[in-house]
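Chemist: Need coordinates for the below:
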Amino acid sequence: MLDTLTFLLERLFLLAHLKLSSLLPPLRGEPPLSKRDGCPPQPAEAPQSLQRGDLLEVPRTLFTHFGIYLGNNRVAHLIPDLLPALTADRLQIQAMVTNTRLLLGVLAKRASIRVDSVEDFAYGAGILRNATDRAAPQRPLPGEEAAARAERLVGSVSYSLLWNNCEHFVTYCRYGTARSQQTDKFCEWLKSLIRDQRSVLLAALLGLLSMACLGMSLSTALPSLLITFTLWMAS
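Modeler: Residues are numbered from 1 along each chain as shown. Okay, here's the model as predicted:
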């Protein structure tokens, strides 16, 4: 039951952030998605201004993407990717993760913590450095310790939009505790949605519609009643 609920919440989280244009493969010669949003991307921060252990973030595809700077123009980041589960070819795996490949990794719940250049990590977008320090409840760890943590975790990992995403990885490395503001904001939005009594009415109407279309039976009536009752008690 818990696995099913987590599955549904993750799909809702994905749909809440989804841009239809991200599902389409880029045309030949077309720039990355971050360059097609109507505004020219900011230049990536010069590697010489970055310090080992810095927390970097960029707007990439569906979400804000995070990484830990390792020095020498290298960034460790957790990114959804199905390919490591399908092949051991290091050349294929090390190639830049495209939007389609990233989305397949999200759906398959597979990811890898990998090391890429600053340019590949930025994917054409501007980079923010240590912007989360202002909101983090803990003080950042020393840069060398944060970078060493990231290097120890490099490799294939399981992935969850809610419980183990790129933000969990970098906050663990830099602050010692894995957490995600993106997940927290989604949970707050979901909580407000559940508390809205209009959701109860909508659930009841959808339940009646399903029974009208599929017929009155235990398999249609029971879920409708349970969902409507749960939303009513939670609102």
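
Chemist: Where does residue 52 sit, in terms of helix or strand?
Modeler: In this assignment (DSSP states H and E), residue 52 forms part of neither any helix nor any strand.

Chemist: Just want to check the distance between it and residue 185.
Modeler: From residue 52 over to residue 185 the distance is 30 Å, taken as C-beta to C-beta, to the nearest Å. To be clear about C-beta, it is placed using only N, CA and C from the backbone, and glycine gets the same treatment.

Chemist: Just want to know which of those two has more residues nearby.
Modeler: Neighbours per residue (other C-beta atoms under 10 Å) separate residue 52 from residue 185, with residue 52 holding more: 17 against 11.

Chemist: Setting aside sequence neighbours, what's the nearest residue to the more buried one?
Modeler: Once flanking residues are discounted, residue 52 sits nearest to residue 71: 4.2 Å by C-beta to C-beta, 6 or more residues apart in numbering.

Chemist: phi, psi of the one you found?
Modeler: phi 100, psi 160 (degrees, to the nearest 10).

Chemist: and it, what is it in contact with?
Modeler: 50, 52, 147 (C-beta atoms under 8 Å, 6 or more residues apart in numbering).

Chemist: On the strand side of things, show who it bridges to.
Modeler: Beta-bridge pairing of residue 71 under DSSP bridges involves residue 74.

Chemist: How about residue 79?
Modeler: Beta-bridge partners, per DSSP bridges, of residue 79: residue 112.
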